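Peer 1: Return a 3D structure for these sequence lines:
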Amino acid sequence: MAFDSAKELQDKECFLKLAQTAMALGNYAITEKCYQLTRQFDKLNFFWATTGSLSKLHKMQAVATSLNEPMLRYNTATLTANVSEKVRILAENG
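Peer 2: Modelled structure (predicted):
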């Protein structure tokens, strides 16, 4: 119900507060949806790393590449222990 209300309001702050509350209550599905809707990629990276969602982290690597976000790419590569990707990112960005 709270998610539907936040969705109706389309307020980023509501989604972020809902994500925090959902996390505290153990409702990880709502937390994930809130972070996705607000495009909180760094928070999603950390969330997926702590919950062990390696496949989602690999998908995030593709998203970061398509968005041309080198820091997000590097952080994701670090969380997935992808050394060759980290070297590639560093070489591309001097």
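Peer 1: Chain neighbours aside, what residue packs nearest to Asn75?
Peer 2: Asn45 (5.8 Å; CB to CB, 6 or more residues apart in numbering). In this view, the C-beta of every residue, glycine as well, is placed from N, C-alpha and C.
Peer 1: Quick check, the one you found in contact with Tyr74.
Peer 2: No - using CB atoms under 8 Å, Asn45 is not in contact with Tyr74, being 10.7 Å away.
Peer 1: Would you mind telling me which of the two has the busier surroundings?
Peer 2: Asn45 (22 against 18; other CB atoms under 10 Å).
Peer 1: one step back: tell me the contacts of the residue nearest to Asn75?
Peer 2: Going by CB atoms under 8 Å, 6 or more residues apart in numbering, Asn45 touches 57, 60, 72, 75-76, 79.
Peer 1: residues near Thr65, how many?
Peer 2: That count, for Thr65 with other CB under 10 Å as the rule, works out to 15.
Peer 1: residue contacts, Lys12?
Peer 2: Thr38.
Peer 1: which residues in this protein form helices?
Peer 2: 2-9, 12-25, 28-37, 41-51, 54-66, 70-79, 83-92 (DSSP state H).
Peer 1: center of the protein, which residue is that?
Peer 2: In the chain, the C-alpha nearest the mean C-alpha coordinate belongs to Leu44, at 2.0 Å (CA atoms, centre = their mean).
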